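Enquirer: Coordinates only, no sequence provided:
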């Protein structure tokens, strides 16, 4: 028997009947029938398949990719077929990993992203002709959502789950809905929608979806943040990054897109005068050259270090040596980077864009800033740097929040429950 499995499976309820006047509500015959039906479902469940659409997947690393990978591992009896864009021509067109088949479509060029919705739909249709899927899962409402919606129209009896956690600005989403009216069908045709924050639920309702919406935030694997990092390792990492012993470290993670608000951050630093700070910016994107040129024009080259794309383990190490994590986003997704910074015990300064609105409280577990307000960013940075005791107090509160509400095992089980429910429908 498994560890802690009860040997005695029929408890003596005599005492409960006598003292509590309690009686079972389910008869023996009814209970047996329910048990038989359950195990029939379990046997049927082994043959279930989920078709997933997401613009990218491992080895490209991000919050969506890592979450999806962990969910797949947690459902070993379910087969996942993942249709994703071949954003790098060095990536294989097909890979098999445990219970997941990864289909990468495209040739590794920039146009692959634009063509993904139609290509993914046709790839999904091709896969449907070979095997049966119980559920279609779109990991965003834009590129992945279009493909999933078209397949739902083609195969209406297949369950369709939509997850919203993208960082596309709401203004752009509404423009998309205005110019392409059938875009709203991405929402309306879904059987179930999962969002990472309450701000996304508002959009879902505005676009005419009347079904069940489940708010499940981003999650943190605390094991990554509990691994020891000696003082010697911290000093070596700082030396490698060119950071002096007395310099404070501020980190930002960005896709270098307009909605990330980096232009406002650079303007804010120019307002702060001669400060002993080093700003580390992690990430890549189309506006990187523009931001670097802006830094040079303002004479701030000695304050900024552009680290480019680095993997998640190294990012966590940098967060752990940082004093402040700043996110000046105009719009945003789940806010997973903010949660990671909290888990790394880094002080948070952020706008409330995206899912951050649900967990960041000004003066309680970090500082809130308004988007597009460089002077406010400068003011809050100075306030945080000048009060080390307050920083520690708010960092403690942020870590407590992560442990109580956002640890990976708890969030993983909620997403897994949605998938299991959809697998058993019909």
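Expert: Looks like it came in fine. Remember, it's a predicted structure, so these values are computed and weren't measured experimentally.
Enquirer: what ranges do the strands span in the stretch 51-200 of the chain?
Expert: Here the stretch 51-200 of the chain has its strands, by DSSP state E, counting those that start in this stretch, at 79-85, 94-97, 100-105, 135-138, 159-164, 192-195.
Enquirer: List the beta-bridge partners for residue 252.
Expert: Taking DSSP bridges as the rule, residue 252 bridges to residue 281.
Enquirer: shift numbering so it begins at 17
Expert: All set: I'll call the first residue 17, so the last point we hit is now residue 268.
Enquirer: ok, now which ones touch it?
Expert: Counting by CB atoms under 8 Å, 6 or more residues apart in numbering, residue 268 makes contact with 278, 281, 295-298, 341-344. (C-beta placed from N, C-alpha, C; glycine too.)
Enquirer: now stretch 101-118, how far from the chain's geometric center?
Expert: 20 Å (CA atoms, centre = their mean, to the nearest Å).
Enquirer: Give me the average confidence score over stretch 225-232.
Expert: Computed over stretch 225-232, the mean pLDDT rounds to 92.
Enquirer: if we can go back for a sec, just curious, which of the contacts of residue 268 is nearest to residue 306?
Expert: Set against residue 306, the nearest of the contacts of residue 268 by CB to CB is residue 278 (9.0 Å).
Enquirer: Now the longest helix along the chain: buried residues?
Expert: The single longest helix within the chain, with elements called by DSSP state H, is helix 127-146. The neighbour-count check on helix 127-146 (16 or more other CB atoms under 10 Å) flags 128, 132-133, 135-137, 139-140, 143-144 as buried.
Enquirer: swap in stretch 248-259?
Expert: Neighbour-count burial for stretch 248-259 [16+ other CB under 10 Å]: 253-254, 259.
Enquirer: Assign the spatially closest residue to residue 185 that is not a sequence neighbour to helix, strand or coil.
Expert: Of all residues not flanking residue 185 in the chain, residue 347 sits nearest, at 3.8 Å (CB to CB, 6 or more residues apart in numbering). When classified by DSSP: H, G, I helix; E, B strand; the rest coil, residue 347 comes out as coil.
Enquirer: Double-check residue 151 against residue 177; I have them as touching.
Expert: Yes. Residue 151 is within contact range of residue 177, at 5.9 Å (criterion: CB atoms under 8 Å).
Enquirer: gap between the residue nearest to residue 87 when sequence neighbours are not counted and residue 93?
Expert: Once flanking residues are discounted, residue 87 sits nearest to residue 431: 5.7 Å by CB to CB, 6+ apart. Note on residue 431: its distance to residue 93, by CB to CB, to the nearest Å, is 16 Å.
Enquirer: More neighbours: which of these two?
Expert: Comparing residue 431 with residue 93 by other CB atoms under 10 Å, the one with more neighbours is residue 431, at 21 against 11.
Enquirer: where's the more buried one, which helix or strand?
Expert: Taking DSSP states H and E as the criterion, residue 431 maps to helix 424-440.
Enquirer: Now for residue 35: which residues touch it?
Expert: With CB under 8 Å, 6+ apart, residue 35 has no contacts at all.
Enquirer: Phi, psi for it please.
Expert: Per-residue torsions, residue 35: phi -80, psi -40 (degrees, to the nearest 10).
Enquirer: pLDDT score for it?
Expert: On the pLDDT scale, residue 35 gets 89.
Enquirer: and the gap between it and residue 29?
Expert: 11 Å.
Enquirer: so what's residue 70 closest to, chain neighbours aside?
Expert: residue 155 (4.0 Å).
Enquirer: For that neighbour, give me its contacts.
Expert: By CB under 8 Å, 6+ apart, the neighbours of residue 155 are 68-71, 80, 84, 179, 181.
Enquirer: let's see 6 Å
Expert: 70, 80, 179 (CB atoms under 6 Å, 6 or more residues apart in numbering).
Enquirer: next one: residue 250
Expert: Contacts of residue 250 by CB under 6 Å, 6+ apart are residue 337.
Enquirer: picking up where we left off before, give me the angle between the longest helix of the chain and strand 116-121.
Expert: Here the directions of helix 127-146 and strand 116-121 differ by 130 degrees (axes from the mean of the first three to the mean of the last three CA atoms, to 10 degrees).
Enquirer: could you say what helices and strands helix 127-146 packs with?
Expert: Where contact means 3 or more CB pairs under 6 Å, 6 or more residues apart in numbering; DSSP states H and E, helix 127-146 is packed against strand 95-101, helix 159-170.
Enquirer: now that helix and helix 159-170, what's the angle there?
Expert: Using the same axes, to 10 degrees: helix 127-146 against helix 159-170 is 30 degrees.
Enquirer: neighbour-wise, which of the contacts of residue 268 leads?
Expert: Top of those by neighbour count (other CB under 10 Å): residue 342, with 30 neighbours.
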